[in-house]
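Undergrad: I need the structure of the sequence given here:
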Amino acid sequence: MVQSVSRTVKEILLGLAYLNFAFENQLVNESALARFIHKRVEEKTGKPVSRMAVIAAVRRFIVSSKPAVRSTTLTRFLKSFKIHIRTGMIEANFKRTPGVSKLISQTEKKTNWNSGERFYVLGRSQEITVVSNSEYFKKIVSRFDAKDVLSVHGDRAVITISFDPHLAQETFGALDYLTSVFAALGVSIHVVFTTYSENSFVIKEKDVPVVYKTLSQSMHEIDELHEG
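TA: Next comes the predicted model:
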């Protein structure tokens with residue numbers, strides 16, 4: 001059965017989740033979007049489709065995209081964000097072995113969090129990643145068997161976003177919002193981890209200024225656009 005242009009366009013646009021906010025607030029150039037998906041529409045329908053037919057289908061989709069409750073909730077959630085930065089960090093990746101696990105556990109127990117030392121451990125069945133203060137952890141890395149060390153990077157920083165954990169229970173899309181900022185700046189996220197009330201992103205230290213400035217400006221604009 002041949003699928004209609006309208007249905008095909010809807011399926012394609014629903015797949016472009018990163019444009020949801022723009023759809024709901026009607027911020028999209030219909031003609032440009034139609035041009036972008038035109039070839040894919042023809043592939044899915046299996047027949048030539050006029051550009052005007054695609055534009056019309058795009059217009060119908062956007063008009064029907066009304067701001068959802070989730071958009072309001074997400075805005076409230078984003079407004080609860082606070083940015084924290086920690087530089088001078090090291091990221092080390094290891095194979096998971098009994099020896100590696102033991103040494104990491106011993107090191108973690110000696111971490112003095114009150115004095116500013118940090119030691120974050122992320123584990124999987126075959127590997128372990130540690131993010132810690134570089135000067136503190138450099139002394140430890142040399143004690144691991146070289147064959148168990150996958151990589152060590154000493155040019156890292158951690159940008160942490162603290163948030164209201166109660167709002168987090170009923171919100172989705174915030175992580176997408178944050179990672180889209182990094183992507184737009186061309187900044188790689190090397191490690192990301194989430195706990196009860198914080199999201200942390202490990203990036204190169206040199207990228208901290210532009211990321212901090214952009215995130216701060218973005219959050220300020222959210223406050224201004226959605227005052228109250």
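Undergrad: Next, count neighbours for Leu78.
TA: 21 (other Cβ atoms under 10 Å). No exception for glycine: its C-beta is placed from N, CA and C like everyone else's.
Undergrad: close enough to count as contact, it and Tyr177?
TA: Yes: contact criterion Cβ atoms under 8 Å: Leu78 and Tyr177 qualify, at 6.6 Å.
Undergrad: lowest confidence element among the helices and strands of this structure?
TA: Every helix and strand in the chain was compared by mean pLDDT, DSSP states H and E; the lowest is helix 69-78, with a mean of 70.
Undergrad: right, and the helix or strand after that helix?
TA: strand 82-95 (DSSP states H and E).
Undergrad: Give me the pLDDT value at Glu198.
TA: Glu198 is assigned a pLDDT of 95 by the prediction.
Undergrad: from what I can see Glu117 touches Thr111, true?
TA: Yes: using Cβ under 8 Å, Glu117 is in contact with Thr111, at 5.0 Å.
Undergrad: anything in contact with each of these two?
TA: Shared contacts of Glu117 and Thr111, defined by Cβ atoms under 8 Å, 6 or more residues apart in numbering, are found at 132, 136.
Undergrad: what's the nearest residue to the residue sitting nearest the centre point of the chain if we skip its chain neighbours?
TA: Central residue of the chain (Cα atoms, centre = their mean): Thr179, 2.7 Å from the mean position. Using Cβ to Cβ, 6 or more residues apart in numbering and skipping the chain neighbours, the partner closest in space to Thr179 is Ile189 (6.7 Å).
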